[in-house]
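Colleague: Have a look at this fold, sequence not included:
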């Protein structure tokens, strides 16, 4: 689904551009005669064009660097010298021990606004996966299905652009439901070893995509004291 240059490694198995779209994007396909492929193309082209306009008008400047960031590394010194106002960590916090991540982040931007997101957090929080409910799994699935159906009805009451019922992956829908309930426990665990302020967190996609296998991703933004 993604077209990449020959030198770029192959995409992750089963990865699709549709996974990166929100439920609102899906509903917007009614503007294109229900053509989901055309919707994906238009949504992505629109966002890339917006980013290009920012670059062409000088509103943003992008400089790419490849390095290993670690305590005592030249890269860390370079970032510290920049005195950044903000630091976006993407999902790097999934791949560094928590105490080490916070040590690096505090050195990189002691007064900066930090942000990042986690996709792997359900692996360390009991209750965030359907397998944690062996005796009540059907009830959890029913709850998730009902909530998803209500969300769809609120977004698109006439439902003329979908099959009835809309096709989706029940596991993805269940993951989204459990993530909403359990992600505050991970946030408390992740920031429990440091002092922060202005901490905000939530689901990365409030109106999730039923085709997306990462609908449980959680975002955070914070300042260190």
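Modeller: Looks like it arrived, so ask away. Bear in mind that the values here come from a model prediction, so they are computed numbers and not experimental data.

Colleague: And for residue 20, the neighbour number?
Modeller: Other residues lying near residue 20 total 19 when counted by other CB atoms under 10 Å. Yep, even glycine has a C-beta here, placed from its N, CA and C like the rest.

Colleague: What pLDDT does the model give it?
Modeller: Note for residue 20: predicted pLDDT of 71.

Colleague: any idea whether residue 219 is helix, strand or coil?
Modeller: strand (DSSP: H, G, I helix; E, B strand; the rest coil).

Colleague: so what's it closest to, chain neighbours aside?
Modeller: residue 117 (4.4 Å; CB to CB, 6 or more residues apart in numbering).

Colleague: tell me which element the one you found is part of?
Modeller: strand 113-118 (DSSP states H and E).

Colleague: now for that strand, which elements pack on it?
Modeller: Strand 113-118 makes packing contacts with strand 86-88, strand 218-224 when contacts are defined by 3 or more CB pairs under 8 Å, 6 or more residues apart in numbering; DSSP states H and E.

Colleague: Run through this protein and note the low-pLDDT ranges.
Modeller: By pLDDT under 70, the low-scoring segments of the chain are 1-16, 19, 23, 30-34, 155-169, 205-214.

Colleague: Which segments of it make up each domain?
Modeller: Domain assignment of the chain by automatic domain parsing yields the ranges 1-64, 65-224.

Colleague: and the ones you listed, which is most packed in?
Modeller: Stretch with highest mean neighbour count among the domains of the chain: domain 65-224 (a mean of 15; mean count of other CB atoms under 10 Å).

Colleague: Compute the first-to-last residue distance for that one.
Modeller: With CA to CA, to the nearest Å as the measure, domain 65-224 spans 25 Å from end to end.
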